[in-house]
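Undergrad: Okay, sequence plus prediction incoming.
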Amino acid sequence: MTVRKVLRNPLAVVALVILLAIVLASVLAPLIAPHSPTALRLDKINAGPGGGYLLGGDGAGRDILSRLLHAGRNTLAGALIALSVALLLGVVSGLLSGYYGGLLDGVLGWGANLLMALPTMIVLLALFQALGSSIYLAMVAFGVMLSPGFHRLVRGQVMAVKHELYVDAARVSGLSDPRIIGRHVLLVIRAPIVIQASVVAGIAIVVQSGLEFLGLGDPGTPTWGGMLQDAFTNIYTSPVAIWWPGMTIALTVASLVLLGNAIRDVIQRTERPRKPPKPPTLPTPAASRREPSGSVADRLEPGGSVADRLEPGDSVADRLEPGGSATPCADELPLLRITELSVGYPSGDEYRAVVRGVDLDVRHGEVMGLVGESGSGKTQTAFSVLGLLSPGGTLLGRSSILFDGRELARLPEAERRALRGKRIGYIPQEPMSNLDPCFRVGEQLVEPLRFVSGLSKQAAVTEALHLLERVGIPEPPRTFAAYPHEISGGMAQRVLIAGAVSGKPELLIADEPTTALDVTVQAEVLDLLRGLQTEFGMAMLLVTHNFGVVADICDRVAVMQDGRIVEVNDVRPLFARPRHQYTQTLLGSTLEDSAPRTRLEVNHA
Ligand SMILES: Nc1ncnc2c1ncn2[C@@H]1O[C@H](COP(=O)(O)OP(=O)(O)OP(=O)(O)O)[C@@H](O)[C@H]1O
């Protein structure tokens, strides 16, 4: 597909043809060169074209055409060596620096700066002096000297994309760092790498030829630079001879840069195919591992949706049916026990605590709401459980997060990653930004199913289609084959919900899962979440600032203010008799904002 798009650019086609012709002619030199590159004929010294020498003879009476072809092999091989070394060192070190940062970034950055500070030409001349006249060795050294350019470019690009939500989403789904770097990061930054690579290849040819023009390099090996030197020496006797190596070098370098530009343009173009390829067919229920449990549409009978249940005259407390709270017996060990959780970020010489001594239990199979105004620390609490605090964020003091009896606060990253996506699922706030725009929806579901849940490719596709159907996507195969920009926000959130429950987690963390959606879709998504939670028996920690959402879906609720939890209670008594002044104020202000809720009994309780 990319090749076809590149070929639509006429300049790129010309560049490609020239480059291919030069490379092919060089590679096939032993077969197509009319003479040996070293054969001498005294009568052809500085001779013009003719007499079997198509481009004439050089200062020693050798066939210029044959030498030009053989020289191409050596010069292009030298450039390839320099480019490979620069790419390998620069791209790998840039990826590691940008992705991991910290000390590694410091050390690699220092190395890159040191290399950049060295005068390239002088280092290469010293190398020729010390190691002899091998141009290939010089090109290895030149590649090392060029690698900081790639390092800086890649590091900057990685730093720009590594905090994209879809990279976080890949991390939350439990994918390993090498996989995230290779698939979600490297793929996005390949365009600038391509253009830089074409420029570096051109520079390598020019520098190599320059060194040979100065008389360095092996005089016995034909090269374009060596030919330039010979022609320059005889410029008054045979002025045309300098054209051939000069033109060849200029054409090769120009073609490389033009082609690199065209490929970059194609890669960068965000345009997606209008018509997606034939989507996979939905397997029959009999072939599936799980019985499809009916679409959301089936389950949303008239009056059955959350939206339908919200009558303007209803109070929130009324909507909570007696017995709706699934409070397990008190002595059961909770699935998640957070104690004395404090999270701090560096501020000057000390840490500024944004979560301060939070104690919170989430029991097996219950939905725990975490509410509070913006900035109260809800997301930081949830991210502490996921192990995904922003850089600099640290658990302070005696923070403890026990998940199913395991201490997460001190768990090595590899073991934490094994929990994410599998035993702890996550649904983010902004559905669109959490899907990688470069991949089809289906691929983004299949990937964690294969690499986190260990399914075969076919089984993962089957499972992904069933998940899409389960979360109420009307035509799963079509959505499976669509790119994120081709689906609506509500559909994207359903896709992310499908991804979050794909590992059948015991705990689902949802951070404002309905905030970015319009009201009707919000209600459907809440219905879906409740349905999935009941079906899979998952516990859920639901971060929200919306008491309506709490009333609809939560069993218990914890209220956060300024990094602390000020009140925890079952939903019904909390709405009926809020104990803490802050809860009363928050509840009051929420009710004032919302017309249907202004007549709630709790407002006057
Ligand atoms: N990377 C960071 N560096 C420093 N402080 C941060 C960082 N991320 C969050 N904070 C601070 O942590 C506090 C709590 O943020 P958090 O995102 O948990 O709030 P929240 O209750 O989830 O609010 P919202 O609903 O707006 O997301 C805020 O004061 C915020 O400024």
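TA: Ah, there it is.

Undergrad: Name the helix or strand for the residue lying closest to D359 once chain neighbours are set aside, please.
TA: Nearest non-adjacent residue to D359, counting by C-beta to C-beta, 6 or more residues apart in numbering: T339, 5.3 Å away. All C-beta atoms are positioned from the backbone trio N, CA, C, and that covers glycine. In this assignment (DSSP states H and E), T339 forms part of strand 336-347.

Undergrad: And that strand, how far out from the chain middle?
TA: Taking C-alpha atoms, centre = their mean, to the nearest Å, one finds strand 336-347 lying 28 Å from the centre of the chain it belongs to.

Undergrad: and the gap between the most centrally placed residue in the chain and the ligand?
TA: Among the residues of the chain, the one closest to the centroid is H184, at 2.7 Å (C-alpha atoms, centre = their mean). For H184, the distance to the ligand equals 21 Å [C-beta to the nearest ligand atom, to the nearest Å].

Undergrad: May I have the residues that are in contact with that residue?
TA: 161, 166-167, 170, 436, 438 (C-beta atoms under 8 Å, 6 or more residues apart in numbering).

Undergrad: Can you list which of those are found in helices?
TA: Among these, the ones falling in helices (DSSP state H) are 161, 166-167, 170.

Undergrad: For those residues, pick the one with the most neighbours.
TA: A170 (24 neighbours; other C-beta atoms under 10 Å).

Undergrad: On the pLDDT front, check F383 for me.
TA: The model reports F383 with a pLDDT of 93.

Undergrad: Tell me, how many residues neighbour it?
TA: By the criterion of other C-beta under 10 Å, F383 has 21 neighbours.

Undergrad: residue contacts, it?
TA: Residues near F383 by C-beta under 8 Å, 6+ apart: 389-390, 393.

Undergrad: now those residues as CSV including secondary structure, neighbour count and distance to the ligand?
TA: What follows is the contacts of F383, written out as CSV (DSSP: H, G, I helix; E, B strand; the rest coil; neighbours: other C-beta atoms under 10 Å; distance: C-beta to the nearest ligand atom, whole Å):
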residue, secondary structure, neighbour count, distance to the ligand
L389, coil, 18, 8
S390, coil, 10, 3
G393, coil, 18, 6
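
Undergrad: Tell me the one of the ones in helices among the contacts of H184 nearest G365?
TA: Closest approach to G365 among these (C-beta to C-beta): A170, at 28.1 Å.

Undergrad: other SSEs contacting the helix or strand hosting V107?
TA: Per DSSP H and E, V107 falls inside helix 102-117. Contacts defined by 3 or more C-beta pairs under 8 Å, 6 or more residues apart in numbering; DSSP states H and E place helix 102-117 against helix 64-100, helix 135-161.

Undergrad: buried residues in the next helix or strand after that helix?
TA: Remark: after helix 102-117, the chain's next helix or strand is helix 120-131, criterion DSSP H and E. Within helix 120-131, the residues that count as buried by 16 or more other C-beta atoms under 10 Å are 124, 127-128.

Undergrad: related to what we said a few turns ago, pLDDT score for the residue nearest to D359?
TA: 93.

Undergrad: So that it lines up with my notes, have the first residue be 411 from now on.
TA: Sure, I'll start counting at 411 from here, so that last one is T749.

Undergrad: Okay, and the beta partners of it?
TA: Going by DSSP bridges, T749 is paired in beta bridges with S810.

Undergrad: Okay, strands next: where are they in this protein?
TA: Here the chain has its strands, by DSSP state E, at 746-757, 760-772, 777-781, 804-806, 810-813, 816-817, 834-837, 917-921, 949-954, 966-971, 974-980.

Undergrad: now those as JSON lines including distance to R418 and mean neighbour count?
TA: As requested, the strands of the chain are arranged in JSON lines below (distance: least, C-beta to C-beta, whole Å; neighbours: other C-beta atoms under 10 Å):
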{"stretch": "strand 746-757", "distance to R418": "49", "mean neighbour count": "19"}
{"stretch": "strand 760-772", "distance to R418": "52", "mean neighbour count": "18"}
{"stretch": "strand 777-781", "distance to R418": "53", "mean neighbour count": "27"}
{"stretch": "strand 804-806", "distance to R418": "52", "mean neighbour count": "16"}
{"stretch": "strand 810-813", "distance to R418": "53", "mean neighbour count": "20"}
{"stretch": "strand 816-817", "distance to R418": "56", "mean neighbour count": "12"}
{"stretch": "strand 834-837", "distance to R418": "41", "mean neighbour count": "28"}
{"stretch": "strand 917-921", "distance to R418": "43", "mean neighbour count": "25"}
{"stretch": "strand 949-954", "distance to R418": "48", "mean neighbour count": "26"}
{"stretch": "strand 966-971", "distance to R418": "56", "mean neighbour count": "24"}
{"stretch": "strand 974-980", "distance to R418": "60", "mean neighbour count": "19"}
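
Undergrad: Redo the ones you listed as a markdown table? Include distance to G941.
TA: Putting the strands of the chain into a markdown table (distance: least, C-beta to C-beta, whole Å) gives the following:
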| stretch | distance to G941 |
| --- | --- |
| strand 746-757 | 22 |
| strand 760-772 | 19 |
| strand 777-781 | 12 |
| strand 804-806 | 34 |
| strand 810-813 | 24 |
| strand 816-817 | 29 |
| strand 834-837 | 14 |
| strand 917-921 | 13 |
| strand 949-954 | 12 |
| strand 966-971 | 19 |
| strand 974-980 | 21 |
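
Undergrad: out of those, nearest to L668?
TA: Nearest of the strands of the chain to L668, taken as C-beta to C-beta: strand 834-837 at 45.3 Å.

Undergrad: avg pLDDT for that closest one?
TA: On average, strand 834-837 scores 90.

Undergrad: Not counting its own residues, what contacts that strand?
TA: Counting by C-beta under 8 Å, 6+ apart, 579, 582-583, 795-796, 813, 830, 903, 906-907, 910-913, 915-921, 923, 939, 948 sit against strand 834-837.

Undergrad: so can I have TSV of the strands of the chain showing distance to the ligand?
TA: Shown next, in TSV, are the strands of the chain (distance: least, C-beta to the nearest ligand atom, whole Å):
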stretch	distance to the ligand
strand 746-757	4
strand 760-772	3
strand 777-781	8
strand 804-806	11
strand 810-813	15
strand 816-817	22
strand 834-837	14
strand 917-921	7
strand 949-954	6
strand 966-971	7
strand 974-980	12
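
Undergrad: In contact with the residue in the stretch 861-1010 of the chain that the ligand sits nearest to, which residues?
TA: The ligand sits closest to H955 of the stretch 861-1010 of the chain, with a gap of 5.6 Å, by C-beta to the nearest ligand atom. Residues near H955 by C-beta under 8 Å, 6+ apart: 781-784, 788, 922.

Undergrad: got a list of what the residue nearest to D769 touches?
TA: By C-beta under 8 Å, 6+ apart, the contact set of T749 is 769, 808-810, 812.

Undergrad: In terms of distance to G504, which of the residues you listed ranks first?
TA: Closest approach to G504 among those (C-beta to C-beta): S809, at 34.2 Å.

Undergrad: got the contact list for the residue lying closest to the closest one once chain neighbours are set aside?
TA: Nearest residue to S809, sequence neighbours excluded (C-beta to C-beta, 6+ apart): L751, at 4.7 Å. Counting by C-beta under 8 Å, 6+ apart, L751 makes contact with 765, 767-770, 791, 794, 805, 809-811.

Undergrad: how does it look with 10 Å?
TA: 765-770, 787, 790-791, 794-795, 805-811, 819, 973, 975 (C-beta atoms under 10 Å, 6 or more residues apart in numbering).

Undergrad: Same question for G656.
TA: 619, 634, 637-638, 641-642.

Undergrad: pLDDT at it, what is it?
TA: 94.

Undergrad: With the one 10 residues further on instead?
TA: As predicted, L666 sits at a pLDDT of 91.

Undergrad: Check V577 too.
TA: 80.

Undergrad: do R974 as well
TA: At R974, the model reports a pLDDT of 94.

Undergrad: which residues does it bridge with?
TA: Counting by DSSP bridges, R974 forms beta bridges with Q971.

Undergrad: Please tell me how far it sits from H895.
TA: 41 Å (C-beta to C-beta, to the nearest Å).
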